[in-house]
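Peer 1: Sequence below, structure please.
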Amino acid sequence: MNKSVGVIGLGYVGLPLAIEVAKKGISVIGIDIDKSKIEALNSGKTSIEDINIGDLKTLTENGRLEVTSDYSKIVLCDILLVCVPTPLSNERVPDLKPMLAAIRSIAAYLKPKTLVIIESTVATGTTRNTVLPLLEELVNFPANEIEVAYSPERVDPSNKVWSLQNTPKIVSGITQSSKLRAIEFYSNFISEVIECESVEIAETAKLLENSFRFINISFINEFGIFCNALGIDINQVVKAAGTKPYGFMEFYPSIGVGGHCIPVDPIYLSDKARQVGSPIRMIELADQINRDLPSYFVSRAEKKLNGLEGKKILVVGVSYKPNISDVRETPVFNLISALRNKGAQVSWHDDLVKKFNGEESTQLSNNFDLAIIATAHDYLDWSKIGNLPIITSRSSL
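Peer 2: This is a model prediction of the structure:
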């Protein structure tokens, strides 16, 4: 493929994508507005655990991958991949400001027929009704020379089975030309590329994927509360149910959902559903269940210790899932805040996380009144907490 590719946003989605494309011999320009990140990448450093540092160093040193904060480099690119965050605002509504800012910066240097592919998760209709009109307004060439496609990222940090290369990729485009160009591009490094009839189908499929998981996590979390009330070990319940060879998927309870997708994408879907007069009440209920979980675990701690004022509590694991350092949208933050609001003296332990909310990890020990197992990393040595009372989401302890 004799093309130059630009990747806008070098985070958990964009950086692995940029490296994978560059490994295929394609010239890649990675752009990120965070200059400290660019400096680190040019020194062969990144905090993203899934990145092979050897690949990063080799590709930046041999020039196959150039990383910069200079949007003017876009003029050198034939294809642009937009991988910037689409978070929620403080009011918990979809916030497209980062992505739209990137689109505006792209438009200033966009060439006719450069293919712009949106990988960021967006609500149904955003690519056609928001991104395309903004480009049409800002570029200095005819609108019929704008090419836009949509292919939502499916990154699962730390997953050793499903990688960028072997996870099926859904793709569509505003026009047939943009769709076919996007399919051809991704086929260079992804084993299965799946054509969707429209960008709206691709957008909605991504929202469905993560809303499905969100709802199931919420259900199993509430089911876990039920099992705890009965004194039943939910691990054994799920394992027993999992022996059914069809119609059942194993989910295990937690202290809530976290990460860059699962707590966010369903809210994009729910917001869109309300806009069109068809609210998806199950998402709204699932969201409330998960947001209430910290209070549930605080009440369990209060009951176990007969009050929390002045009690020393150790929260074990602060990342949003086991065996990674990623704390994006972790529910542990709200758990710690809720415990402290009750007067508890809270410390946390997580060897994978250097700092969390401005604090450093404490040593794993039994010098506490109670331990709450929030995220159970494989490395944890449970003998270090001895006979300390424990609360965990996965049993009736």
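
Peer 1: OK, contacts around V315?
Peer 2: The contact partners of V315, taken as Cβ atoms under 8 Å, 6 or more residues apart in numbering, are 332, 335-336, 339, 346-349, 371-372, 374. C-beta here means a position set from N, CA and C on the backbone, and glycine is covered the same way.

Peer 1: In the strand or helix carrying it, which residues are buried?
Peer 2: V315 is located in strand 312-316, with elements delineated by DSSP states H and E. Within strand 312-316, the residues scored as buried using 16 or more other Cβ atoms under 10 Å are 313-316.

Peer 1: And the residues you listed, which is closest to V238?
Peer 2: Checking the buried residues of strand 312-316 against V238 by Cβ to Cβ gives V316 as the nearest, at 21.4 Å.

Peer 1: So that closest one sits against L370, correct?
Peer 2: No: counting by Cβ atoms under 8 Å, L370 is not a contact partner of V316; they are 10.8 Å apart.

Peer 1: Helices along the stretch 1-150 of the chain, start to end?
Peer 2: Taking DSSP state H, counting those that start in this stretch, the helices of the stretch 1-150 of the chain run over residues 14-23, 35-42, 53-61, 97-107, 126, 132-138.

Peer 1: Show me what the longest one is packed against.
Peer 2: Put plainly, it is helix 97-107. strand 4-8, strand 79-82, helix 132-138 (3 or more Cβ pairs under 8 Å, 6 or more residues apart in numbering; DSSP states H and E).

Peer 1: Select, out of the ones you listed, the one closest to F214.
Peer 2: With Cβ to Cβ, the closest approach to F214 among the helices and strands packed on helix 97-107 belongs to strand 79-82: 23.9 Å.

Peer 1: returning to that earlier point: please pull up the helix or strand immediately following the strand holding V315.
Peer 2: Remark: after strand 312-316, the chain's next helix or strand is helix 332-341, criterion DSSP H and E.

Peer 1: How far does that next one sit from its chain's centre?
Peer 2: Using Cα atoms, centre = their mean, to the nearest Å, the mean C-alpha position of helix 332-341 is found 22 Å from that of the whole chain.

Peer 1: Repeat that for stretch 203-218.
Peer 2: Put simply, stretch 203-218 sits 13 Å off its chain's centre (Cα atoms, centre = their mean).

Peer 1: what's that stretch in contact with?
Peer 2: Around stretch 203-218, the neighbours that count as contacts under Cβ under 8 Å, 6+ apart are 121-127, 150, 152, 154, 170, 196, 249, 251, 254, 257, 261-263, 265-266, 268-269, 272, 280, 282-283, 285-287, 289-290.

Peer 1: Would you show me how to pick out the buried ones of those residues in PyMOL?
Peer 2: Remark: buried members of those, expressed as a PyMOL selection using 16+ other Cβ under 10 Å:
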select buried, resi 121+122+123+124+126+127+150+152+154+170+196+251+254+257+261+262+263+265+266+268+269+272+280+283+286+287+289+290
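
Peer 1: State which helix of this structure is the longest.
Peer 2: Secondary structure of the chain per DSSP state H: the longest helix is helix 199-230.

Peer 1: what is the rounded mean pLDDT of that helix?
Peer 2: For helix 199-230, the mean pLDDT works out to 97.

Peer 1: And the next helix or strand past that helix?
Peer 2: Counting by DSSP H and E, the next helix or strand C-terminal to helix 199-230 is helix 234-241.

Peer 1: now the helix or strand following that following helix against helix 199-230, angle please.
Peer 2: Proceeding N to C from helix 234-241, the next assigned helix or strand is helix 265-275, under DSSP H and E. In terms of direction (axes from the mean of the first three to the mean of the last three Cα atoms, to 10 degrees), helix 265-275 departs from helix 199-230 by 110 degrees.

Peer 1: Let me know the secondary structure of E184.
Peer 2: The three-state label given to E184 by DSSP: H, G, I helix; E, B strand; the rest coil is helix.

Peer 1: how far away is it from V171?
Peer 2: Between E184 and V171 the computed distance is 10 Å (Cβ to Cβ, to the nearest Å).

Peer 1: Number of residues surrounding A101?
Peer 2: Counted with other Cβ atoms under 10 Å, the neighbours of A101 add up to 12.

Peer 1: give the contact list for it.
Peer 2: Residues in contact with A101, defined by Cβ under 8 Å, 6+ apart, are V84.

Peer 1: Give me the pLDDT value at it.
Peer 2: As predicted, A101 sits at a pLDDT of 98.

Peer 1: same deal with V155?
Peer 2: Listed pLDDT for V155 reads 91.

Peer 1: what about it, distance to T121?
Peer 2: Separation of V155 from T121 (Cβ to Cβ): 11 Å.

Peer 1: who's more crowded, E184 and V171?
Peer 2: Taking other Cβ under 10 Å, E184 and V171 do not tie; V171 has more neighbours (26 against 15).

Peer 1: Touching, the more buried one and V193? I think so.
Peer 2: Yes: shown here, V171 and V193 form a contact pair, counting by Cβ under 8 Å, at 5.8 Å.

Peer 1: Quickly list what's touching both of the two.
Peer 2: Common neighbours of V171 and V193 (Cβ under 8 Å, 6+ apart) are 183, 186.

Peer 1: I53: neighbour count?
Peer 2: Per other Cβ under 10 Å, the neighbour tally for I53 reads 10.

Peer 1: picking that back up, report the angle between the longest helix of the chain and helix 234-241.
Peer 2: Going by the same axes, to 10 degrees, helix 199-230 makes 120 degrees with helix 234-241.

Peer 1: Give the buried residues for helix 199-230.
Peer 2: For helix 199-230, the neighbour count (16+ other Cβ under 10 Å) marks 199-200, 202-204, 206-207, 209-211, 213-215, 217-222, 224-225, 227-228 as buried.

Peer 1: ok, back up a step: want to throw the helices and strands packed on helix 97-107 into JSON lines with mean pLDDT?
Peer 2: Below are the helices and strands packed on helix 97-107 laid out as JSON lines (pLDDT from 0 to 100):
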{"stretch": "strand 4-8", "mean pLDDT": "98"}
{"stretch": "strand 79-82", "mean pLDDT": "99"}
{"stretch": "helix 132-138", "mean pLDDT": "98"}
